[in-house]
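> Show me how the following folds:
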Amino acid sequence: MTTTVNRPAVPPQGRTAAPQKPTFKQRLNVFDVKASPYLYVAPFFILFALVGLFPLVYTFVVSLYDWHLLKGQGDFVGLGNFVEVLQDRFFWNSLLNTLSIFLLSAIPQLAVALFLAAVLDQNLRAKTFWRMSVLLPYVVTPVAVAMIFTNMFGEQYGLINNVLGNFGIDPVMWKSETFPSHVAIATMVNWRWTGYNALILLAAMQAVPRELYESAALDGAGAVRRFFSITLPGIRPTMVFVVITATIGGLQVFTEPRLFDPATAGGSQRQFQTTVLYLWEMAFQRQNFGKASTIAWLLFLIIVLFGVVNYLISRKIATADAPRSAASRLNRRKRKRSERTMP
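Numbers count the residues shown, from 1 in each chain. Predicted structure coming up:
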């Protein structure tokens, strides 16, 4: 008994089988693979467009008009507001005050934060308690901070002037003179933000491999040498981040000088009026939104300029393989030491 097997039909020569159309499920899977990454990041860009990009563009539009707080949009003046603001001596005075307070606050703040982070990185008892303690000033509201420091820096009955008086030192005019007022405001800023930056630097220090410190200790390197040869190179990218954020925050300082003397907008002689405080005065006291928007845009350009400078510096000092380079240096020293001890 024989059986026959039906061979599959062979398409005519020169013709190929028609490709099967993908099913709906297959098309949905392809769409999911291509579109899902964009959908995941879309909420950030939508939120940024609503609360970041649109206000920025709209502020520039307002700066081109003679815009009143109550009357609304006025005549189109183009770049006239920019010319008037750049010729305003009060604007330059506020900018110099901002830079002075920024330098008095940022440099000591970063130095003390780096020192606190190095201390907290040691094997301390109750280290969690101490690490959370440095964050307490950041949790306190700025209004409470301003009330405390305003009483401390009072010219007649302030705590600091009373202590100085016990040593026969004349009272310091913390609110009337320029430099003492800058020191007082910078002290408020430092007290609030030093612990916050210290915790960021501490997190970076804990990411540095511990075997580097052990190798350096075996080679006879002291604590100071290990700090400058291993810790600082290992946290350079984080240091750059902290410097940039401190720069942005220092150039936008507003709460501390505003609450330091609530009766005036930066002092009776504008001796501690910052740029953002002058912007607030222009917008809500003079009711000139056009010039206020111009000041906001000029401050934005100044911050971008500082950011570009920090970025150019960071390209030279911040290397991602800093811990690896430190390890290679230690390994080279160990090899040289072993070669010297070999018979």
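> Would you tell me what helix or strand the residue nearest the centre of the chain is located in?
Centre of the chain computed as the mean C-alpha position; nearest residue by C-alpha atoms, centre = their mean is residue 245, 1.5 Å away. Residue 245 belongs to helix 236-251 when elements are defined using DSSP states H and E.
> what mean pLDDT does that helix have?
Mean pLDDT, helix 236-251: 87.
> ranges for the helices of the stretch 151-300 of the chain?
Remark: helices assigned in the stretch 151-300 of the chain by DSSP state H, counting those that start in this stretch are 159-166, 178-206, 210-218, 223-226, 232-234, 236-251, 255-260, 275-284, 289-317.
> quick one: which of the ones you listed is nearest residue 138?
Proximity to residue 138, assessed across the helices of the stretch 151-300 of the chain by C-beta to C-beta, is greatest for helix 178-206 (4.6 Å). (C-beta placed from N, C-alpha, C; glycine too.)
> On the pLDDT front, check the nearest residue to residue 221 once chain neighbours are set aside for me.
Among residues not flanking residue 221 along the chain, residue 229 sits closest, at 6.9 Å (C-beta to C-beta, 6 or more residues apart in numbering). Per-residue pLDDT puts residue 229 at 83.
> For residue 264, see how far away residue 229 is.
50 Å (C-beta to C-beta, to the nearest Å).
> first to last residue in stretch 73-81, what's the distance?
End-to-end distance for stretch 73-81, by C-alpha to C-alpha, to the nearest Å: 14 Å.
> Can you pull out the residues in contact with that stretch?
Stretch 73-81 is contacted by residues 63-68, 290-291, 293-294 when judged by C-beta atoms under 8 Å, 6 or more residues apart in numbering.
> go on, stretch 48-57?
Residues outside stretch 48-57 that contact it (C-beta under 8 Å, 6+ apart): residue 300.
> What average pLDDT does it get?
Regarding stretch 48-57, the rounded mean pLDDT is 88.
> Check the offset of it from the chain's centre.
Its chain's C-alpha centre and that of stretch 48-57 lie 19 Å apart, by C-alpha atoms, centre = their mean, to the nearest Å.
> In it, which residues are buried?
Within stretch 48-57, no residue is scored as buried using 16 or more other C-beta atoms under 10 Å.
> And stretch 210-221, by the same measure?
Residues of stretch 210-221 classed as buried: 212-213, 215-216, 221 (neighbour count, 16+ other C-beta under 10 Å).
> The helix ranked longest in the chain: what's the following helix or strand?
Identified as the longest helix of the chain according to DSSP state H is helix 89-120. Sequence order places helix 127-133 as the next helix or strand after helix 89-120, per DSSP H and E.
> who does the helix or strand that that next one is followed by touch, helix- and strand-wise?
Next in sequence after helix 127-133, counting helices and strands by DSSP H and E, comes helix 136-139. Applying 3 or more C-beta pairs under 8 Å, 6 or more residues apart in numbering; DSSP states H and E, one finds that helix 136-139 makes contact with helix 178-206.
> So what's the gap between the helix it packs on and the chain middle?
Mean-position distance between helix 178-206 and its chain equals 12 Å (C-alpha atoms, centre = their mean).
> Then stretch 118-138?
22 Å.
> taking the mean pLDDT, what do you get for that stretch?
84.
> Quick check: end-to-end length of that stretch?
So stretch 118-138: terminal residues 19 Å apart, C-alpha to C-alpha.
> List the buried residues of that stretch.
For stretch 118-138, using 16+ other C-beta under 10 Å, the buried residues are 118, 120-121, 131, 134, 137.
> residues making contact with it?
So stretch 118-138 is contacted by 116, 145, 191-196, 198-199, 202, 205-206, 227, 231 (C-beta under 8 Å, 6+ apart).
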